[in-house]
Structures are given as structure tokens and as C-alpha cells.
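> Structure here, sequence nowhere to be found:
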């Protein structure tokens, strides 16, 4: 299995719905491919955080930057609509 094939099956693998025969090839690839291991681990951690429902507090500085970026994007896509400041 190559990295591109693994990425195509990633959702099914993480959900546990991939064909068991493919699962073996998937796990063999993961055993020898650190970049794919990192991707799968990050997805698993993201799912765990989401399921636990634990909010992550965004630092105030980044929160302001995010809101400003969203406002700019809103104005770009909705030039005639109201834009909150």
C-alpha cells in the first residue's frame, strides 16, 4: 500500500469500517511510514477531543485575529450585506 492509497481509506480505517483484508495492508504500511502514522494519530486525537466535548480556549490574541479575518472574508463575499465590527 502507498501513502495515497492509505489516505483514500483513512476515514473508513479510523471509523473501523474498512475491509479487514485492507486493514492488514493499512497497518503494515503504518508500521513503516512515520508521516502516515502522524496523520492517523492526529486524526484519532482530534476525534477523541471532539467526543469528550472539551472546549479548547483560544488565546485572546488569536481570537481577535480570527474574528478580524472572518469579518474581512465576510465583507469580501457579501459586499452589500451588513458586516459586524
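Structure received. Worth saying up front: this structure is predicted, and the values here are computed from it rather than measured. Residues are numbered from 1 along each chain as shown.
> tell me what the helix or strand bottoming out on mean pLDDT in the chain is packed against?
When each helix and strand of the chain is scored by mean pLDDT, DSSP states H and E, helix 3-15 comes last, with a mean of 84. Under the contact definition 3 or more Cβ pairs under 8 Å, 6 or more residues apart in numbering; DSSP states H and E, helix 3-15 sits against helix 20-32, helix 34-52. All C-beta spots, glycine's among them, are computed from the backbone N, C-alpha and C.
> in the shortest one, what counts as buried?
Neighbour counts over helix 20-32 (16 or more other Cβ atoms under 10 Å) mark 26, 29, 30 as buried.
> now the first one: how far from residue 42?
This means residue 26. Using Cβ to Cβ, to the nearest Å, we find residue 26 at a distance of 16 Å from residue 42.
> and residue 58, what are its phi and psi?
phi -80, psi 130 (degrees, to the nearest 10).
> same check, this time on residue 78
According to degrees, to the nearest 10, residue 78 has phi -130, psi 60.
> Next, count neighbours for it.
The number of residues packed near residue 78 is 10, by other Cβ atoms under 10 Å.
> in the protein, what spans have low per-residue confidence?
The chain contains residues with pLDDT under 70 at 54, 81-85.
> try 80
Under the criterion pLDDT under 80, the flagged ranges of the chain are 14-15, 52-56, 80-85.
> Contacts for stretch 9-16 next, please.
6, 18, 22, 23, 26, 39, 40, 43, 44, 47 (Cβ atoms under 8 Å, 6 or more residues apart in numbering).
> Thank you, goodbye.
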